[in-house]
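K.L.:
I'll drop the sequence and a predicted model, then ask my questions.
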Amino acid sequence: MFEYKNEFSAADKHEGLIIGLFDRPEKFAGPLKIVDESFDGQLTDLVKAGDVSAKLKRISKLHSLGKMGAKRIWFVGLGKEKELTFDQLRNVLGKVFKEINGSKLTEAAVYLDSFLTEELDSLDAAHAVGEAFALSSYQFEGYRQKSNEPERKIETLTLYSKGAVEEDVRASLTVGYAFGKGTNSARSLVNTPGNLLTATDLADYAANLAAKYPFEAEILDKPEIEKLGMGAFLAVNQGSVEPPKMIVLKYQGKEEWTDVIGLVGKGITFDTGGYSIKTKAGIVGMKTDMGGAAAVLGAMEIIGELKPEQNVVAVIPSTDNMISGKAFKPDDVITSMSGKTIEVLNTDAEGRLVLADAITYAKHHGASYLVDVATLTGGVITALGVNTTGAMTNYEPLYEQVLEASMEAGEQMWQLPLFESEKARVRNSPVADLNNSPGSEGHAIVAGAFIGEFAEGTPWVHLDIAGTATSKKEYDLGPAGATGVMTRTLALFVERFEPIKK
């Protein structure tokens with residue numbers, strides 16, 4: 001897939017060559033000088049005329065017409081050198097890779113050194129190349145009849161870097177590619193229809209990850225779930241003919257099982273809303289209600305590839321939320337694994353119920369820190385739109401580490417408040433300890449507050465990805481559909497995690 005070379009010359013043969021172009025007043029140097037000389041100074045003229053632009057994210061394609069070994073050259077506008085960030089670099093590389101894939105090439109090259117700045121070295125650039133290449137090349141195959149025409153895509157990508165250590169560049173490239181591939185795995189899970197991805201299928205997927213990587217897997221079936229008293233999880237599953245699965249993956253990167261990070265992902269494989277049924281428009285797309293589970297599994301894939309020195313337990317409660325004569329109903333009172341009783345006011349507020357038992361079970365497995373991820377509320381979309389994940393926490397030092405990881409991953413989030421007044425609304429029930437839906441006001445906040453009742457004193461961060469788990473239109477790093485959001489954030493958080501002394 002990836003090749004590495006130190007020296008670049010005009011005679012090197014490639015189907016496509018990618019070169020970064022900064023907005024600089026001085027004359028061309030390095031590979032740009034080679035290209036300019038090969039074209040008898042015409043590159044300078046093209047830049048002056050604006051036909052080749054250095055403006056950020058402006059892509060200019062030039063045919064070599066036999067003047068160079070590369071048949072086509074893509075100039076990537078990077079803007080001003082001092083202003084280029086890693087996130088911008090990753091996105092602009094995604095944009096050019098998408099364009100190249102559209103040209104149906106099988107091979108291309110990147111002159112890595114043309115993308116470097118004082119802040120971004122060759123290792124940063126290599127990571128960005130690997131990540132952007134994987135993310136931007138993703139397509140969900142779907143279920144259409146296949147064309148007889150052979151698929152043409154980039155099979156070999158060559159990186160040129162003169163001053164860097166080859167081993168280090170290859171390592172950074174591999175890490176970036178692992179982050180992209182893990183996110184793509186999450187995307188495919190979310191894009192898969194609910195009839196083809198049941199709780200059992202999701203459990204099988206997790207078991208296969210455990211067989212491939214150094215994970216310990218535990219898959220709880222319904223009798224075991226009943227024995228453990230997971231009444232909140234079981235209530236959501238009551239109306240379904242598909243059995244529930246509590247999925248656990250454990251990764252031990254330290255000698256002792258301490259400072260354990262618990263990643264908890266909502267795994268509702270299809271959500272009808274139950275008896276609080278969704279509208280005919282609102283129910284479409286509910287195959288994506290396991291986006292949290294997908295993010296956790298994608299992050300675990302990255303963790304399996306990179307093997308950080310951390311301890312992680314991933315817990316995924318998986319079921320669909322269906323309607324039948326056995327389905328749970330508004331006004332029901334259920335008992336969670338923690339022993340807390342819950343008055344059900346809304347069966348479409350099911351995600352927080354399954355997460356309640358999953359968080360309790362993560363603590364049972366020794367989780368010292370908790371991060372839950374869920375396509376939880378429409379309220380977070382009203383509050384923050386479709387580009388920002390909502391976050392809540394009971395412990396700011398933990399949230400700061402998750403926030404830092406999200407910024408590096410380019411997955412923006414915004415913290416919502418967790419006040420005593422909202423906790424009081426969740427605790428307001430005449431018949432139970434808690435109610436699962438105190439009203440539409442501050443919907444995303446009270447949903448998080450409910451989950452926080454089960455985190456209790458354990459440091460916890462809640463991520464509501466209802467708006468960010470999917471995209472209605474394509475973007476630089478992917479197509480329309482599932483985004484795999486928070487996969488890279490979770491993996492980075494685990495990789496960089498520093499235990500917190502209270």
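P.N.:
Good, I have the coordinates. Numbering: from 1, shown residues only.
K.L.:
who touches Gln367 in this structure?
P.N.:
No Gln there; residue 367 is Ala. Residues in contact with Ala367, defined by Cβ atoms under 8 Å, 6 or more residues apart in numbering, are Val260, Ile261, Gly262, Val313, Thr458. Bear in mind the C-beta positions are built from the backbone N, C-alpha and C, glycine included.
K.L.:
how about 6 Å then?
P.N.:
Neighbouring residues of Ala367 by Cβ atoms under 6 Å, 6 or more residues apart in numbering: Val260, Gly262, Val313.
K.L.:
turn the residues you listed into TSV, including pLDDT.
P.N.:
Output for these, formatted as TSV (pLDDT from 0 to 100):
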residue	pLDDT
Val260	98
Gly262	98
Val313	99
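K.L.:
closest to Arg352 out of those residues?
P.N.:
Nearest to Arg352, judged by Cβ to Cβ, of these is Gly262 at 16.5 Å.
K.L.:
coming back round to it: show me the contacts of Ala367 that map onto helices.
P.N.:
Using DSSP state H, no member of the contacts of Ala367 falls in helices.
K.L.:
just the ones of those in strands?
P.N.:
In strands, defined here by DSSP state E, the members of the contacts of Ala367 are Val260, Gly262, Val313.
K.L.:
now the contacts of Ala367 as TSV including neighbour count and distance to Ser53?
P.N.:
Shown next, in TSV, are those (neighbours: other Cβ atoms under 10 Å; distance: Cβ to Cβ, whole Å):
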residue	neighbour count	distance to Ser53
Val260	22	50
Gly262	27	48
Val313	27	49
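K.L.:
any stretches of the stretch 101-250 of the chain with poor pLDDT?
P.N.:
147-151 (pLDDT under 70).
K.L.:
Leu220: which of the ones in strands among the contacts of Ala367 is nearest?
P.N.:
Distances from Leu220 to those, taken by Cβ to Cβ, are shortest for Val313, at 13.6 Å.
K.L.:
could you find the closest non-adjacent residue to the closest one?
P.N.:
His365 (4.6 Å; Cβ to Cβ, 6 or more residues apart in numbering).
K.L.:
again, but for Leu353
P.N.:
Nearest non-adjacent residue to Leu353 (Cβ to Cβ, 6+ apart): Ala232, at 4.2 Å.
K.L.:
now do the contacts for the one you found.
P.N.:
Applying Cβ under 6 Å, 6+ apart, the residues contacting Ala232 are Ile334, Ser336, Leu353, Ala356, Asp357.
K.L.:
give me that answer again for 8 Å
P.N.:
Ile334, Thr335, Ser336, Met337, Ile342, Leu353, Val354, Ala356, Asp357.
K.L.:
how about Val354?
P.N.:
Ala232, Phe233, Val236, Lys266, Gly267, Ile268, Pro317, Thr319.
K.L.:
repeat that for 10 Å
P.N.:
230, 232-237, 244, 246, 264, 266-268, 316-319, 321, 374 (Cβ atoms under 10 Å, 6 or more residues apart in numbering).
K.L.:
Serialize the ones in strands among the contacts of Ala367 to TSV and add fields for distance to Leu32.
P.N.:
Formatted as TSV, the ones in strands among the contacts of Ala367 follow (distance: Cβ to Cβ, whole Å):
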residue	distance to Leu32
Val260	50
Gly262	50
Val313	50
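K.L.:
closest one of the residues you listed to Gly467?
P.N.:
Gly262 (24.0 Å).
K.L.:
how close does the closest one get to Leu463?
P.N.:
13 Å (Cβ to Cβ, to the nearest Å).
K.L.:
need the overlap of contacts for these two.
P.N.:
Joint contacts of Gly262 and Leu463 (Cβ under 10 Å, 6+ apart) are Val371, Asp372.
K.L.:
and the helices in the stretch 101-250 of the chain?
P.N.:
122-136, 166-191, 199-212, 222-227, 231-237 (DSSP state H, counting those that start in this stretch).
K.L.:
cool, the stretch 351-500 of the chain as well?
P.N.:
Using DSSP H, counting those that start in this stretch, the helices found in the stretch 351-500 of the chain span residues 351-364, 379-384, 396-409, 420-426, 443-455, 487-496.
K.L.:
buried residues of the fourth one, list them for me.
P.N.:
Buried positions in helix 420-426, judged by neighbour count with 16 or more other Cβ atoms under 10 Å: Glu422, Lys423, Arg425, Val426.
K.L.:
name the nearest residue to the first one, sequence neighbours excluded.
P.N.:
Spatially, and ignoring its direct neighbours in sequence, Glu422 is nearest to Ala449 (4.6 Å; Cβ to Cβ, 6+ apart).
K.L.:
and for the second one?
P.N.:
Here the nearest residue to Lys423 in space, its sequence neighbours aside, is Ala449; by Cβ to Cβ, 6+ apart that works out to 5.2 Å.
K.L.:
so how far is Lys5 from that neighbour?
P.N.:
55 Å.
K.L.:
and these two? Which one has more around it.
P.N.:
Ala449 (28 against 15; other Cβ atoms under 10 Å).
K.L.:
isn't that one right up against Arg427?
P.N.:
Yes. Between Ala449 and Arg427 there is a contact under Cβ atoms under 10 Å: 9.1 Å.
K.L.:
and for the residue nearest to Met413 when sequence neighbours are not counted, the neighbour number?
P.N.:
Distances taken as Cβ to Cβ, 6+ apart place Thr389 nearest to Met413, at 4.2 Å, with adjacent residues excluded. Using other Cβ under 10 Å, Thr389 has 22 other residues around it.
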